[in-house]
Structure formats: C-alpha cells, structure tokens
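Peer 1: A structural model of the following input is requested.
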Amino acid sequence: AEQVVEEAGAMLVVCNSGEDGARERRHLDLLEEQRVRGVLITPVGHGRHPGLERLHERGIPVVLVDRGSGRASRCSVAVDDVLGGRLAMEHLLDRGHRRVAYLGGPLTIPQVADRHAGAAAALAERHPDTPLRVATTNTLTVAAGRRAAEDLLALPARQQPTAVFCANDLIALGVLQQLTERGVPVPDDMAIVGYDDIEFAGAAAVPLSSVRQPRELLGRTAAQLLLEESTAGAEHRHRHVVFQPELVVRRSSDRRRP
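Peer 2: Alright, predicted model coming up:
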C-alpha cells in the first residue's frame with residue numbers, strides 16, 4: 001500500500017487500533033479533522049460505526065482491507081478465509097487426523113470466525129459425528145498459543161487432539177514452542193497448521209505448514225482502489241475484490257497418521 005501511495009505523490013500515515021474499538025474511533029476522528037485524502041482500514045469487528053459513515057458523508061473515500069464490505073457504497077479487498085479454513089482442515093483429514101482442534105480468537109474477529117467456519121464445515125462433511133474442539137484465545141499472539149497448547153496437553157490422552165489448526169501463525173509458533181519444550185514430537189504426536197505464512201513460518205525449528213495470503217497484492221490493490229476513488233469522485237464504481245488463499249505444506253503437518 002505504501003509503495004502505491006508514494007508512487008502517486010502522497011504519503012501513508014499508519015494508525016494501529018490494536019483491535020480496540022475506542023482507539024479506532026479516536027483515530028478516525030483525527031483523520032477526519034485532518035481531511036485526509038482517503039482511509040484504508042481493517043476495522044475492529046465488522047466496521048459498522050458512525051466514524052466510517054461520517055468520512056463517507058464528507059467525501060473521504062474508505063476502502064476496507066482484509067474485510068468484505070457487503071455494501072455497494074464502499075470498496076473492499078479481502079481474502080476468502082472460509083476457503084482458507086477449509087484447505088487447512090482438508091489437508092489434516094487427508095493426513096489421517098480425526099481429533100482436530102481449532103485455536104485462536106476472539107471469534108468476534110471476522111477472519112478468526114471465517115477460518116473456523118471453513119474448518120468446521122470441512123470436518124462436518126467428512127466426519128459428521130466428529131466435533132471440532134475449539135480453544136478460544138483472547139489474543140492472537142505467541143504467548144496465547146503457548147497457553148492453549150498447555151491446556152490441550154492437560155487433557156486426558158484419549159481426548160487430546162492429534163492435530164491443531166491455528167487462526168494465525170503466531171498462535172501456531174507458540175504451540176510449536178510449547179510442544180517442543182514438553183518433548184511432544186511434531187508432527188508425529190501432534191501436527192500443526194497455521195495461517196498467514198509469515199516469514200518466520202518457514203524458518204521455525206519445525207517448518208510450519210500455513211495458509212498463505214497474497215499480502216502484497218492485498219495492500220497494493222486496496223491502495224489502487226482508494227486512489228481511483230479519490231480521483232474519480234462520484235463517477236467511481238465500487239468494487240469488492242476477493243483473493244484466494246493457498247496452502248503451503250511443510251514438515252509440521254506433512255506426515256500421514258497411521
């Protein structure tokens with residue numbers, strides 16, 4: 001996004017909401033006061049609040065990033081996270097796993113909920129009588145992944161999952177760290193699949209399987225849509241662009257369970 005904006009002779013200002021709705025509203029108020037040319041936003045929750053509406057009323061374009069808009073009056077750029085969850089679960093099922101857990105949260109974050117929905121649907125289609133264990137975390141961090149892994153290891157052996165699908169790679173790396181410290185072999189005793197395919201995923205002690213998003217394309221496309229709307233004004237035709245994720249299989253899950 002920054003590269004596209006700078007090529008257009010503008011400057012990108014970054015505001016971090018930290019998934020805090022009040023903080024997001026303060027940022028939007030300040031951006032409105034500054035009369036910015038446009039706003040790229042990954043909103044907290046589903047982004048339905050007055051701040052975004054006021055920007056629209058004042059003629060300041062808004063493009064949702066990594067969120068579907070569902071509205072004809074606003075552009076959006078997103079990834080099909082339901083498909084991403086399905087890809088991860090189908091891979092684990094193909095490797096012979098039946099007891100699978102989904103780790104991550106909170107589920108109020110749309111991407112987290114969509115990834116869960118895709119995984120749950122894939123499991124239900126193949127094994128209708130097998131429930132998907134869900135371990136909800138308060139944050140999407142390495143520390144949260146470590147705590148979630150410890151909770152799973154505290155379960156009786158027959159209830160422990162043989163594979164985990166994590167809502168993002170930070171959770172997955174935390175799980176991997178905790179399993180390694182506890183002497184649990186990955187993927188022999190527990191397979192792991194993450195999401196996002198961050199740089200550290202492939203460089204982990206056990207290279208991490210992950211669902212890859214086209215991150216640069218996501219940011220570039222969002223910035224292009226924003227600049228187009230800020231130039232064309234009322235003549236701009238809003239678009240909702242959805243990219244497809246892909247599964248990158250590495251050693252953390254690439255072993256068939258007997």
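Peer 1: show the contacting residues for the spatially most central residue of the chain.
Peer 2: Residue closest to the average C-alpha location in the chain (Cα atoms, centre = their mean): Gln111, at 4.8 Å. By Cβ atoms under 8 Å, 6 or more residues apart in numbering, the contact set of Gln111 is Asp66, Asp81, Ala167. The C-beta positions use only the backbone N, C-alpha and C, and glycine is treated the same way.
Peer 1: kindly report the same for Leu226.
Peer 2: Leu226 neighbours (Cβ under 8 Å, 6+ apart): Gly38, Val39, Leu40, Pro61, Val63, Cys75.
Peer 1: now render those as CSV, adding neighbour count, pLDDT and secondary structure.
Peer 2: Converted to CSV, those look like this (neighbours: other Cβ atoms under 10 Å; pLDDT from 0 to 100; DSSP: H, G, I helix; E, B strand; the rest coil):
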residue, neighbour count, pLDDT, secondary structure
Gly38, 23, 95, coil
Val39, 22, 96, strand
Leu40, 21, 96, strand
Pro61, 24, 93, coil
Val63, 27, 95, strand
Cys75, 26, 92, strand
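Peer 1: redo the contacts of Gln111 as a markdown table? Include pLDDT, secondary structure and neighbour count.
Peer 2: Below are those laid out as a markdown table (pLDDT from 0 to 100; DSSP: H, G, I helix; E, B strand; the rest coil; neighbours: other Cβ atoms under 10 Å):
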| residue | pLDDT | secondary structure | neighbour count |
| --- | --- | --- | --- |
| Asp66 | 89 | coil | 21 |
| Asp81 | 97 | helix | 25 |
| Ala167 | 98 | coil | 31 |
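Peer 1: if you average pLDDT over stretch 23-32, what comes out?
Peer 2: The predicted model assigns stretch 23-32 a mean pLDDT of 93.
Peer 1: so what touches it?
Peer 2: For stretch 23-32, using Cβ under 8 Å, 6+ apart, the contacting residues are 13, 15, 17, 39, 41, 43-44, 49, 51-52, 54-55, 58, 60.
Peer 1: just the buried members of those residues?
Peer 2: Ser17, Val39, Ile41, Pro43, Val44, Gly51, Leu52, Leu55, Ile60 (16 or more other Cβ atoms under 10 Å).
Peer 1: isn't the third one up against Leu64?
Peer 2: In this case it means Ile41. Yes - using Cβ atoms under 8 Å, Ile41 makes contact with Leu64 at a distance of 6.3 Å.
Peer 1: the helix or strand hosting the residue nearest to the centre of the chain - what's its average pLDDT?
Peer 2: Assigned by DSSP states H and E, Gln111 belongs to helix 110-126. The average pLDDT within helix 110-126 is 96.
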